[in-house]
Structures are given as C-alpha cells and as structure tokens.
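Asker: sequence unknown, structure follows:
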C-alpha cells in the first residue's frame, strides 16, 4: 500500500496554523474508564499561540482530564457545501494543564480569550469554570484526499 | 455542584435520532498507543439504523480500530451562526466491527450507504476501503447549556 503521508511543506504548516486561528470549537477526545470519549469544547489560543479552552467542572471531559491529562483535539469544521471529507482538519495529540484561579497568568489569558469568545463573559467568572492549556506533542493534518501530513509542535510554531 | 444531567424524555430521544439521521460526518476517537486520537470520518446508517462508516486501511484510525475496537463518535456540526456550543451534539460510546468483503450483508449495506453518500461510489470498490459498524453501548446528548442527557442504545432505537 502507498504511504499516504506527504513530506511537510510550508503550505501544510500555514494551513494547520490557519485552522487553529480560525476555529472556535474543537472535538476533544479524553480517556474515560480507559475508553475514548469525545465531546465538543470551545477552542481559543493563549497569547503565545497554544490551544486553550474554558471548561466546566460539571462536564465529564473536565473530570476525565483531571484524572488523566492525555487527550486529542480535532480542529476544522466541514463547510455546508461539497464533500465534507475534502475540508481540511487537524488532529492534535496533547496533554492538558489546568490553570489555577490564582495563577498569575490567568488574567491575561482571560482577556485574550474573551476577544475571540465574547459570549464567554457570561460564565468566565463562575467558580466551576477553568482554563485548560493543551500542550501539543504531535499533530496530523488531513488537507483532503491524498493530502496528509505528520506535523511537529515546531511546525505549528508551538 | 448541581448534576447537569436531566431525566431522558422523548424530546431528547428524538433529537439524538435526528442528529444520527442528518449528519454525514462524525469525529471518531480511537486509542493509539494507549492515548486518544480523534479524526473525521464519513457517517452513515445501516439499514437497521446503526451508525456505520466506510474507511480506508491507509488511515491511522482504521489501523487503530483493528488493534482495539473501543471508540467514541461525536455527531453534530455547529452551524455557522450563533454560539457553536448551543448547537446540539451527541457522543456515542461504541465498539467497531469490520464488515468483510465477502460478508453476505455487504451489498445491501453498500447500496444503502451510497444513497446518503453518492460520491463514495468513486472509492467504495477500492480494495483498501471497508465498512465498519459501530455497536453503540452508551450515549451522551448535549442539547445546549443545561440540557444534557445520558442515553441508552434503546433510546436511540438501537
């Protein structure tokens, strides 16, 4: 069988970074009782560019990430026209790090996040909501049929 | 903390079934080296109503499912307007079963699948493409903030 993975080029790096910058949600896969469990979360970027989210302690994915931080995110929403599998999407492999309420970087993170998610101001102050930073360890870009790339954190400028 | 899970009602069951019937893709979370790994796949339904996909042996998710069939699917695409986290989405917990090329049910499955995915006729005959049936063991419906339900396969008529 032919290896579908192409050598990484600047076009692939730019496409992956654009997906991270433009998308406001992601599918988050966590481990729950040893099995994968995938939900939708809000997606933002930290001032330094890494993916973050604002999650509630009431959510099953939050409880799972606190028990085991290993996770994966799928970034890239199919458009409403054309074959949805030709729309580019990015898989991230990551570890989750929660940001404490008294973390000195939280205020800057919150201000940056609210610019992309203005409606989050309704609940960003709730006691059960926490920021989580995803430390990316690897990535896989599918730019449509026959256009697949394995990316490093450096390819994503992370 | 308040339990965000509501008692399941007919409205929740109907919403979950509608998502399964209307969506043509899903996020698929598998285990890869013990860690979650989430990608986008095509989503169809078998004649009897269960979720299925048509996947390539070249894809990492296919290789992962053959090594360990435990998986999860996220069904429900955020619309282009409004807060994407208010759009309903359904998490399925499932086990994957591959359909052999000589399986007596494959022809009916393929004909049914092609009605919802006519472009798949371009590759449905390729030797590396296989149908996979997802045997649902449990489900979680998020109908928007404060509208969460745990569903059984019976709630999904499966």
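Answerer: Noted; the coordinates are in hand. What you are looking at is a predicted structure, and each value in this text was computed from that prediction instead of being measured.
Asker: Tell me which other helices or strands the longest strand seen in chain A touches.
Answerer: Ranked by number of residues, the top strand in chain A under DSSP state E is strand A:129-142. Using 3 or more C-beta pairs under 8 Å, 6 or more residues apart in numbering or on different chains; DSSP states H and E, the elements in contact with strand A:129-142 are helix A:10-22, strand A:51-56, helix A:60-67, strand A:89-99, helix A:106-116, strand A:148-151, strand B:35-42. No exception for glycine: its C-beta is placed from N, CA and C like everyone else's.
Asker: export the ones you listed to TSV and tack on mean pLDDT, mean neighbour count and distance to residue B:158?
Answerer: Output for the helices and strands packed on strand A:129-142, formatted as TSV (pLDDT from 0 to 100; neighbours: other C-beta atoms under 10 Å in any protein chain shown; distance: least, C-beta to C-beta, whole Å):
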stretch	mean pLDDT	mean neighbour count	distance to residue B:158
helix A:10-22	96	16	33
strand A:51-56	97	22	29
helix A:60-67	97	19	21
strand A:89-99	98	22	27
helix A:106-116	95	14	38
strand A:148-151	96	20	32
strand B:35-42	97	24	18
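Asker: closest to residue B:138 out of the ones you listed?
Answerer: helix A:60-67 (11.4 Å; C-beta to C-beta).
Asker: And the helix or strand that comes right after that closest one, what's buried?
Answerer: Per DSSP states H and E, the first helix or strand lying C-terminal to helix A:60-67 is strand A:70-75. Residues of strand A:70-75 classed as buried: A:70, A:71, A:72, A:73, A:74, A:75 (neighbour count, 16 or more other C-beta atoms under 10 Å in any protein chain shown).
Asker: The fourth one reaches residue A:27, doesn't it?
Answerer: In this case it means residue A:73. Yes. Counting by C-beta atoms under 8 Å, residue A:27 is a contact partner of residue A:73 at 6.8 Å.
Asker: shared neighbours, the two?
Answerer: Common contact partners of residue A:73 and residue A:27 (C-beta atoms under 8 Å, 6 or more residues apart in numbering or on different chains): residue B:38.
Asker: Next one: residue A:66 from chain B, what distance?
Answerer: Distance, residue A:66 to chain B, using C-beta to the nearest C-beta, to the nearest Å: 14 Å.
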